[in-house]
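Colleague: Output the structure for:
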Amino acid sequence: MAELARVSPRQLTRLFHDELQDSPAKYVELVRFELAKAYLDGGHSVTRAGELAGFGSSEALRRAFVLRLQMPPSAYQRRFATTGSTGG
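Modeller: The predicted model follows:
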């Protein structure tokens with residue numbers, strides 16, 4: 001990422017902390033987490049959602065969900081699954 005932004009890795013970390021109060025790695029994990037949630041909401045399996053979102057393993061996806069939502073992705077999917085179309 002630093003190379004793409006044409007700054008040093010240290011400067012990239014400073015910029016992230018200044019703007020987002022987080023590290024580049026934590027930001028990437030948050031983006032992946034949000035993508036995985038969207039894939040789960042779209043009906044993908046936990047394994048496929050993790051793959052599509054860029055998690056290296058199902059365990060990494062599980063850890064991210066437990067950290068942020070205090071539940072594994074399978075429980076999230078069951079709890080927030082829609083039961084039909086809303087029309088419109």
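Colleague: CA atoms for contacts and neighbours, from now on please.
Modeller: OK.
Colleague: for the helix ranked longest in the chain, which positions count as buried?
Modeller: Counting by DSSP state H, the longest helix found in the chain is helix 24-41. Across helix 24-41, burial judged by 16 or more other CA atoms under 10 Å covers 24, 29, 32-33, 35-37, 39-41.
Colleague: Over to stretch 75-82?
Modeller: 76-77.
Colleague: tell me the helices in this protein, going along the chain?
Modeller: For the chain, the helices defined by DSSP H occupy 2-5, 9-20, 24-41, 46-53, 58-69, 73-80.
Colleague: follow-up on the earlier one: make TSV out of the buried residues of helix 24-41 and add pLDDT and distance to residue 47.
Modeller: Below are those laid out as TSV (pLDDT from 0 to 100; distance: CA to CA, whole Å):
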residue	pLDDT	distance to residue 47
24	89	25
29	91	16
32	96	13
33	96	13
35	96	13
36	96	10
37	95	12
39	94	10
40	94	10
41	92	13
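Colleague: low pLDDT regions in this protein?
Modeller: Scanning the chain for pLDDT under 70 picks out 81-88.
Colleague: Which residue would you name as the spatial centre of it?
Modeller: With distances taken as CA atoms, centre = their mean, the residue of the chain nearest its centroid is residue 33 (1.2 Å).
Colleague: got a list of what that one touches?
Modeller: Contacts for residue 33 (CA atoms under 8 Å, 6 or more residues apart in numbering) come out as 53, 61, 64-65.
Colleague: Closest to residue 18 out of the residues you listed?
Modeller: Among these, residue 64 lies closest to residue 18 (CA to CA), at 23.6 Å.
Colleague: Excluding residues flanking it in the chain, which one is nearest the closest one?
Modeller: Nearest residue to residue 64 in three dimensions, chain neighbours excluded: residue 33, at 6.8 Å (CA to CA, 6 or more residues apart in numbering).
Colleague: among the contacts of residue 33, who's most crowded?
Modeller: Among the contacts of residue 33, residue 61 has the most neighbours (other CA atoms under 10 Å), with 25 neighbours.
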